[in-house]
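Predicted structure and sequence below. I'll ask about it afterward.
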Amino acid sequence: MNAPAPLERFALARDPLDVAPWLLGKVLSYGGCSGRIVEVEAYRGADDAASHAFGGQSTRNQTMFGRAGLLYVYFTYGMHYCANVVCGEEGTAWAVLVRALEPLAGIDEMRRRRPAAHHDRDLCNGPAKLCEALGITRELDGADLLTADRGIVLEDDGTSPPSEPHCGPRVGITKAVEHPWRWSWPGSTFVSRARPAGRSSPN
DNA sequence: ACCGGGATGTTCT
DNA sequence: GAACATCCCGGTG
């Protein structure tokens, strides 16, 4: 592990199918809380029927059409926020949904924000859970993750992505379900859903 | 373990 | 009016 350094914009200005697995291991920090990305999904702009950008620009999704490195936060199901890292060239509306984090710092505060989490592994193992744990809301939509805009930043602490990440279909969608555009850290207990049968690790 | 339903409100058709 | 990139709780086995 090195001193954490913000990501370089050119590294994000690529296809989300490349950026998504590359983001595994990077560290997202906000307000004293931080976590390591262990699960992501790629959303591929206007050609992707499951993307919010399908059908063109709108009030809600306009951040997706901005430059790589912006944070796209949306509100859904009347109560949840989810966070994406915008990638690709400006106008592509490509993005990567952050689906799970391994908590690293500010864990006490995460527990306070998420009383329903009975184990630390449940603090950030879902796209809306991690936003609740870190206090990410729509107010952070459009923040630049590479300059710590509004206090939120995405950094590299020297942890390499896994050489063979797990890959499978995206979850929670009803259209374009056939693409295997979800990646996760193999063996991590902090990914969503993964519940190794019969075993429980002490948290 | 698995399944079903409710919460709750913005966005889009 | 329907859909929604979700989560939590309670039922059953």
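Now that the structure is in, tell me what you want to look at. Numbers count the residues shown, from 1 in each chain, chains lettered A, B, ... in the order given.

quick one: the strands in chain A?
Ranges of strands within chain A are A:5-6, A:27-30, A:33-44, A:71-76, A:80-87, A:94-105, A:152-156, A:166-168, A:182-184, based on DSSP state E.

Nearest residue to the middle of chain A?
Central residue of chain A (Cα atoms, centre = their mean): residue A:98, 1.3 Å from the mean position.

What segments of chain A are helices?
Residue ranges of the helices in chain A, as given by DSSP state H, are A:9-12, A:16-23, A:107-113, A:127-134.

Point out the most buried one among those.
Of all those, helix A:127-134 carries the top mean neighbour count, a mean of 24, counting by mean count of other Cβ atoms under 10 Å. Yep, even glycine has a C-beta here, placed from its N, CA and C like the rest.

Any residue of that helix touching DNA strand C?
Yes: Helix A:127-134 comes into contact with DNA strand C when judged by Cβ under 7 Å from any atom of the strand, the residues involved being A:127, A:128, A:129.

still on that earlier bit, so what pairs up with the residue nearest to the centre of chain A in the strands?
Judged by DSSP bridges, the bridge partners of residue A:98 are residue A:40.

For it, give its distance to residue A:163.
If you measure residue A:98 against residue A:163 using Cβ to Cβ, to the nearest Å, the figure is 21 Å.
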